[in-house]
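*Asks:* need a 3D model of the following:
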Amino acid sequence: MTVDELETEVLKLPLDSRAELAHRILLSLDEGEEPDPEHERLWLEEIERRYRAVREGTSPLTPADEVLAAIRAELR
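*Replies:* So this is what the prediction gives:
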């Protein structure tokens, strides 16, 4: 089966199934690679920084419906 044939079949799947398949494929790209401890440390620091900013009220938050409306407008 070619990649084009596979894509045709995959696009027939329901959205949630395609999302799950995409997730699995993305995860498979990292298989066999050792995680970079420095990379992991930096991500954890960033996650903690963002979490604190939200908890302290110093990070501007935008309702999801506004974010999605803006994205849809850009895609038109």
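
*Asks:* determine the three-state secondary structure at residue 13.
*Replies:* coil (DSSP: H, G, I helix; E, B strand; the rest coil).

*Asks:* that one and residue 19 touch, don't they?
*Replies:* No. When contacts are counted by CB atoms under 8 Å, residue 13 is not listed as touching residue 19 (9.4 Å). No exception for glycine: its C-beta is placed from N, CA and C like everyone else's.

*Asks:* shared neighbours of those two, anything?
*Replies:* Common contact partners of residue 13 and residue 19 (CB atoms under 8 Å, 6 or more residues apart in numbering): none.

*Asks:* in what helix or strand does residue 62 lie?
*Replies:* In the assignment (DSSP states H and E), residue 62 maps to no helix and no strand.

*Asks:* looking at the chain, which helix is longest?
*Replies:* Scanning the chain for the helix with the most residues, using DSSP state H, yields helix 37-56.

*Asks:* buried stuff in the helix or strand that it is followed by?
*Replies:* Counting by DSSP H and E, the next helix or strand C-terminal to helix 37-56 is helix 64-75. Applying a neighbour-count criterion of 16 or more other CB atoms under 10 Å, helix 64-75 contains no buried positions.

*Asks:* could you do stretch 15-31 as well?
*Replies:* Buried residues in stretch 15-31 (16+ other CB under 10 Å): none.

*Asks:* with just CA atoms, put the longest helix of the chain into CSV.
*Replies:* Output in CSV follows, covering the C-alpha atoms of helix 37-56 (Å, rounded to 0.1, in the frame of the first residue of the first chain):
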residue,chain,number,x,y,z
PRO,A,37,17.5,15.3,30.6
GLU,A,38,18.3,19.0,29.9
HIS,A,39,15.4,19.3,27.5
GLU,A,40,13.1,17.7,30.0
ARG,A,41,14.4,19.9,32.8
LEU,A,42,13.8,23.1,30.7
TRP,A,43,10.3,22.0,29.8
LEU,A,44,9.4,21.3,33.4
GLU,A,45,10.7,24.7,34.4
GLU,A,46,8.6,26.3,31.7
ILE,A,47,5.5,24.4,32.8
GLU,A,48,6.0,25.5,36.4
ARG,A,49,6.6,29.1,35.3
ARG,A,50,3.4,29.2,33.3
TYR,A,51,1.4,27.4,36.1
ARG,A,52,2.6,29.9,38.7
ALA,A,53,1.7,32.8,36.3
VAL,A,54,-1.9,31.5,35.9
ARG,A,55,-2.3,30.8,39.6
GLU,A,56,-0.9,34.3,40.6
